[in-house]
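J.: whatever this is, show me its structure:
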Amino acid sequence: MGSVPCTHHLSTLPTPGEVLARLRNNPPLVQCLTNTVVQQFSANVLLALGASPAMDDTAGEAGIFASIASGVLINVGTPHAEESQAMREAVAGAQGAHTPWVLDPVAIGALPVRTKLARELGALSPTVVRGNASEVAALAGAGDGGRGTDSLATPDDVAHAAAGLARATGGAVAVSGATDLITDGERTWRVGGGSVRLTQVTGGGCALGAVVCAIAGVLRPEGRNMTAREAAWAAVCAHALYSVAAERAAEHTKGPGSFAVAFLDHLSLLDPADPALAHTERITSHASSSTEGTRP
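T.: Numbering: from 1, shown residues only. Take a look at the predicted model:
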């Protein structure tokens with residue numbers, strides 16, 4: 001990582017609150033090809049935030065839908081044959097329409113089917129790769145994955161690998177953890193806050209991928225692909241919104257069950273004018289390491 005943190009350049013970028021206002025004013029249509037365990041929670045998270053979810057993972061139409069969606073989430077958590085084909089179609093449709101798409105390489109590393117699929121899709125220039133530290137390291141060729149969906153590393157442990165992966169894909173990489181790390185290969189942002197309760201709710205991480213996709217859909221430019229810097233900032237804003245809602249939900253609940261419900265409530269209650277959604281100490285940035293990464 002670089003040496004001296006800075007925040008002065010953030011003043012030229014839309015704040016998470018400003019991005020949320022744009023989302024609420026013109027809700028993005030988010031196509032989610034995601035694992036069966038988290039579909040309902042992911043859809044509810046998007047609805048609570050103000051986005052419009054579509055869980056279309058049908059081979060033969062996924063690519064068509066991707067061409068009209070605002071953003072496409074590809075989550076390889078349950079890589080059945082038909083869904084895997086639908087994912088390939090959706091990526092092709094997204095690329096043809098300059099639609100931002102997010103790759104979530106769930107539990108890759110030791111499991112061969114999903115690992116092969118994630119690496120195949122990762123070579124197709126995802127707008128954002130979003131995962132935990134072990135998943136990102138495995139996709140970058142710098143690790144063997146975690147214990148199922150549980151990470152055995154921290155975002156800082158894989159900072160060099162994440163930056164290298166971003167340079168290899170030409171997009172951004174977002175690594176979730178106690179402090180989230182987002183990089184475009186040249187600059188790295190950290191987003192603090194959140195709650196450990198997110199790790200105790202099925203879909204807490206996967207739904208974050210859907211939110212990153214929604215924000216990318218809000219910030220997508222007309223007629224071209226997002227740059228890595230634009231994609232990284234979309235991920236930063238998504239992580240910041242998620243973090244604030246999780247913190248507030250945790251303050252008013254006693255366990256994971258009530259937290260899951262409260263989290264949805266606090267996503268819906270986020271106010272674009274809230275000072276917590278401005279540029280604060282929650283978001284910091286550094287220049288990234290020049291260490292080269294490995295193409296997935």
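J.: in the chain, which residue is closest to the centre?
T.: Gly209 (3.5 Å; CA atoms, centre = their mean).
J.: grab the nearest non-local neighbour of it.
T.: Asp104 (4.1 Å; CB to CB, 6 or more residues apart in numbering). C-beta coordinates here come from the backbone N, C-alpha and C atoms, glycine included.
J.: my guess is the one you found contacts Leu73, does it?
T.: Yes: with contact defined as CB atoms under 8 Å, Asp104 reaches Leu73; the gap is 6.9 Å.
J.: which neighbours do the two share?
T.: By CB atoms under 8 Å, 6 or more residues apart in numbering, Asp104 and Leu73 have these common neighbours: 34, 209.
J.: contact partners for the closest residue in space to Ala178 that isn't next to it in sequence?
T.: Spatial nearest neighbour of Ala178, excluding adjacent residues (CB to CB, 6+ apart): Thr154 at 7.1 Å. Applying CB under 8 Å, 6+ apart, we find Thr154 in contact with 133, 177-178.
J.: weed out the non-buried ones from those residues.
T.: The neighbour-count test (16 or more other CB atoms under 10 Å) marks 133, 177 as buried among the contacts of Thr154.
J.: what's the neighbour count on the residue nearest to Gly209?
T.: Neighbour count of Asp104, defined by other CB atoms under 10 Å: 30.
J.: report the beta-bridge partner residues of it.
T.: Asn75 (DSSP bridges).
J.: hang on, the earlier thing: from Asn132, how far out is the residue nearest to Ala178?
T.: Distance of Thr154 to Asn132, given as CB to CB, to the nearest Å: 9 Å.
J.: give me the common contacts of the two.
T.: With contacts taken as CB under 8 Å, 6+ apart, the residues that reach both Thr154 and Asn132 are Gly177.
J.: could you pull out the helices in this protein for me?
T.: Ranges of helices in the chain, per DSSP state H, are 16-25, 39-49, 62-66, 81-96, 112-122, 133-139, 159-169, 206-219, 228-251, 256-269.
J.: out of the ones you listed, which comes closest to Thr183?
T.: Set against Thr183 and scored by CB to CB, the helices of the chain come closest in helix 159-169, at 4.8 Å.
J.: now the angle between helix 112-122 and that closest one, please.
T.: Orientation check (axes from the mean of the first three to the mean of the last three CA atoms, to 10 degrees): helix 159-169 against helix 112-122 gives 60 degrees.
J.: next one: helix 159-169 to chain centre, how far?
T.: Relative to its chain's centre, helix 159-169 lies at 15 Å (CA atoms, centre = their mean, to the nearest Å).
J.: tell me the angle it makes with helix 228-251.
T.: Taking the same axes, to 10 degrees, helix 159-169 and helix 228-251 form an angle of 130 degrees between their directions.
J.: tell me the mean pLDDT over helix 159-169?
T.: Regarding helix 159-169, the rounded mean pLDDT is 97.
J.: hmm, back to that, these two touch, right, the residue nearest to the centre of the chain and Leu73?
T.: Yes: under the criterion of CB under 8 Å, Gly209 makes contact with Leu73 at 5.5 Å.
J.: intersection of neighbour lists for the two?
T.: Contact with both Gly209 and Leu73 is made by residues 34, 42, 102, 104, according to CB under 8 Å, 6+ apart.
J.: what about stretch 51-68, start to end distance?
T.: The first and last residues of stretch 51-68 sit 15 Å apart, counting by CA to CA, to the nearest Å.
J.: for it, give me every contacting residue.
T.: For stretch 51-68, the surrounding residues in contact (CB under 8 Å, 6+ apart) are 23, 27-34, 39, 42-43, 46-47, 69, 72, 82-83, 85-87, 89-94, 96-97, 99, 101, 210-211, 214, 217.
J.: Throw together a PyMOL command that grabs the buried residues out of these.
T.: Burial among the contacts of stretch 51-68 is assessed by 16+ other CB under 10 Å; the matching PyMOL selection reads:
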select buried, resi 23+27+28+29+30+31+32+33+34+39+42+43+46+69+72+83+85+86+87+89+90+91+93+94+99+101+210+211+214+217
